[in-house]
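A.B. asks: With the sequence up front, the predicted model follows.
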Amino acid sequence: MTRPYNFSAGPAALPQEVLEQAAAEMLDWHGSGMSVMEMSHRGREFMSIRDQAETDLRELLAVPSHFHVLFMQGGGLAENAIVPLNLSRGGNVDFVVTGSWSAKSFKEARRYCNAHLAASNEADGHTGMPDRWQLNGNAAYVHVCTNETIHGVEFQELPDLKALGSDAPLVIDCSSHIASRPIDWSRVGLAFAGAQKNIGPAGLTLVFVREDLVGHALGVCPSAFDYKTVAENHSMYNTPPTYAIYMAGLVFQWLKRQGGVAGMEARSIEKAGLLYDYIDTSGYYVNKVDKRCRSRMNVPFFLPDDALNDSFLAGARDRGLLQLKGHKSVGGMRASIYNAMPLAGVQALVGYMREFAARHG
Ligand SMILES: *Cc1c(COP(=O)(O)O)cnc(C)c1O
């Protein structure tokens with residue numbers, strides 16, 4: 001069976017091998033007589049699934065032992081509230097806005113703390129890196145979205161806050177590029193990621209938080225969202241999203257078989273390189289993002305005339321190239337080429353784009 005190539009920004013395609021394994025284990029996980037969905041989250045079977053998932057995740061991302069790994073719920077948007085509830089102490093927080101997601105985080109945080117806009121690329125339509133950062137001397141943390149899923153702007157390197165004159169911990173929303181490149185933990189205080197882009201099904205949120213940052217939640221923080229409570233209970237304070245954790249665990253094992261994060265990074269460079277090179281030399285399609293911060297995961301592009309968009313999308317669907325429509329706030333097209341997208345999928349997309357340009361150019 002050959003499946004279409006799915007370019008959805010999220011929930012996004014999962015590796016076929018993972019889906020096949022989940023299907024094979026659906027009714028009876030490892031002779032337990034139960035589907036993973038039917039197991040007690042405190043039972044021996046599920047505990048082994050959870051522990052293996054955390055072990056593999058820590059290994060894949062080289063997470064230092066002084067970081068908690070939390071399996072939470074609520075997605076990236078809930079973290080926009082949960083992070084300030086836990087880390088801000090109601091004080092000053094710096095935000096760097098590079099696209100829709102960091103703008104949303106900034107807006108939500110204002111409900112819980114003195115959120116301050118330290119830098120923004122709004123003037124160039126969220127296509128470049130903000131050059132001047134004005135960090136608050138006493139910020140509780142600095143928030144950055146390291147890959148803007150909608151605008152296609154990605155930090156190629158994590159900011160070095162110390163070099164910028166700030167001692168505040170860096171908080172990164174890495175939802176849409178986690179596990180596609182290594183994370184320099186020496187620069188990070190907290191990282192969060194909704195699972196549905198590059199890790200597994202929607203419903204699971206990964207949080208990595210330095211131990212010393214935990215235990216300072218505001219009184220109004222719900223217990224189930226207090227990192228201290230979640231950490232002390234090994235993400236089992238309330239029933240965790242068990243099936244999503246199991247699926248993420250299968251993805252982690254798949255990633256290890258593919259050469260881990262280093263393997264994924266090499267593949268991402270090749271896939272994104274192929275697509276951007278074609279767009280830039282096509283004389284037909286355009287990507288407006290500064291080359292220094294183009295996302296390897298989310299590639300927005302435009303046809304010369306929006307009137308052709310529907311025809312482009314229909315032709316793509318006919319060729320098994322799905323979900324290429326751009327986000328409504330940006331328009332045009334967007335190809336999300338996460339870890340599960342094989343090189344052959346990007347080659348098929350470029351082949352179709354060439355054919356379409358020749359017909360309409
Ligand atoms: C998708 C996404 C989110 C939102 O995730 P939800 O699970 O819908 O809350 C937040 N940040 C980034 C960078 C995303 O790509």
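C.D. replies: Yep, that arrived.
A.B. asks: And for residue 314, the neighbour number?
C.D. replies: Residue 314: 9 surrounding residues under other Cβ atoms under 10 Å. Yep, even glycine has a C-beta here, placed from its N, CA and C like the rest.
A.B. asks: which stretch of helix or strand covers it?
C.D. replies: Using DSSP states H and E, residue 314 maps to helix 309-318.
A.B. asks: What of residue 168?
C.D. replies: Counting by DSSP H and E, residue 168 is found in no helix or strand.
A.B. asks: Not counting its neighbours along the chain, what's nearest it?
C.D. replies: residue 139 (4.4 Å; Cβ to Cβ, 6 or more residues apart in numbering).
A.B. asks: I'd like to know how far the one you found sits from the ligand.
C.D. replies: Residue 139 sits 21 Å away from the ligand, going by Cβ to the nearest ligand atom, to the nearest Å.
A.B. asks: Is there a neighbour count for residue 131? I'd like the number.
C.D. replies: 7.
A.B. asks: actually residue 297, sorry about that
C.D. replies: The burial count for residue 297: 27, using other Cβ under 10 Å.
A.B. asks: what's it in contact with, if anything?
C.D. replies: 147, 149, 154, 176-177, 180, 197-198, 268, 272, 336-338 (Cβ atoms under 8 Å, 6 or more residues apart in numbering).
A.B. asks: Up against the ligand, what does the protein have?
C.D. replies: Counting by Cβ under 6 Å from any ligand atom, the chain comes close to the ligand at 10, 75, 76, 77, 101, 145, 149, 173, 175, 176, 194, 197.
A.B. asks: Among those, the buried ones, what's the ChimeraX command?
C.D. replies: The following ChimeraX line selects those of the residues of the chain next to the ligand that are buried, judged by 16 or more other Cβ atoms under 10 Å:
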select :10,75,76,101,145,149,173,175,176,194,197
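A.B. asks: tell me how far stretch 92-112 is from the chain's mean position?
C.D. replies: 17 Å (Cα atoms, centre = their mean, to the nearest Å).
A.B. asks: neighbours of residue 238, just the number please.
C.D. replies: Residue neighbour count, defined by other Cβ under 10 Å, stands at 13 for residue 238.
A.B. asks: Might one say that it is in contact with residue 224?
C.D. replies: Yes. Residue 238 lies in contact with residue 224 (Cβ atoms under 8 Å); the separation is 5.1 Å.
A.B. asks: Who are the contact partners of the residue lying closest to residue 323 once chain neighbours are set aside?
C.D. replies: Computed as Cβ to Cβ, 6+ apart, the closest residue to residue 323 that is not its neighbour in sequence is residue 8, at 3.9 Å. Counting by Cβ under 8 Å, 6+ apart, residue 8 touches 322, 323, 336.
A.B. asks: The helix holding residue 314 - what's its average pLDDT?
C.D. replies: The average pLDDT within helix 309-318 is 98.
A.B. asks: So what's the residue count around residue 48?
C.D. replies: Around residue 48 there are 12 residues (other Cβ under 10 Å).
A.B. asks: Helices along this structure, start to end?
C.D. replies: Remark: helices assigned in the chain by DSSP state H are 16-24, 44-61, 75-87, 100-109, 227-232, 242-257, 260-282, 309-318, 343-360.
A.B. asks: Tell me who's in contact with residue 160.
C.D. replies: Going by Cβ under 8 Å, 6+ apart, the list of residues near residue 160 reads residue 187.
A.B. asks: Could you do the one 10 residues further on as well?
C.D. replies: For residue 170, the contacting residues are 141, 142, 144, 158, 159, 161, 187, 188, 189, 190, taking Cβ under 8 Å, 6+ apart as the criterion.
A.B. asks: Out of these, grab the one that's most surrounded.
C.D. replies: Taking other Cβ under 10 Å as the neighbour criterion, residue 141 ranks highest of those with 27 neighbours.
A.B. asks: any idea of the pLDDT on that residue?
C.D. replies: At residue 141, pLDDT is 98.
A.B. asks: That one and the ligand: what is the separation?
C.D. replies: Taking Cβ to the nearest ligand atom, one finds residue 141 at 16 Å from the ligand.
A.B. asks: Show me which positions of stretch 349-361 end up buried.
C.D. replies: Buried-residue list, stretch 349-361, by 16+ other Cβ under 10 Å: 349, 350, 352, 353, 356, 357.
A.B. asks: among the residues you listed, which two are most distant?
C.D. replies: Spanning the widest gap among those are 349 and 357, at 12.4 Å by Cβ to Cβ.
A.B. asks: count of neighbours near the residue nearest to residue 73 when sequence neighbours are not counted?
C.D. replies: Distances taken as Cβ to Cβ, 6+ apart place residue 241 nearest to residue 73, at 5.6 Å, with adjacent residues excluded. Residue 241 has 21 neighbouring residues, counting by other Cβ under 10 Å.
A.B. asks: my guess is residue 272 meets residue 296, correct?
C.D. replies: Yes. Using Cβ under 8 Å, residue 272 is in contact with residue 296, at 4.0 Å.
A.B. asks: For these two, list the residues in contact with both.
C.D. replies: Counting by Cβ under 8 Å, 6+ apart, the residues touching both residue 272 and residue 296 are residue 337.
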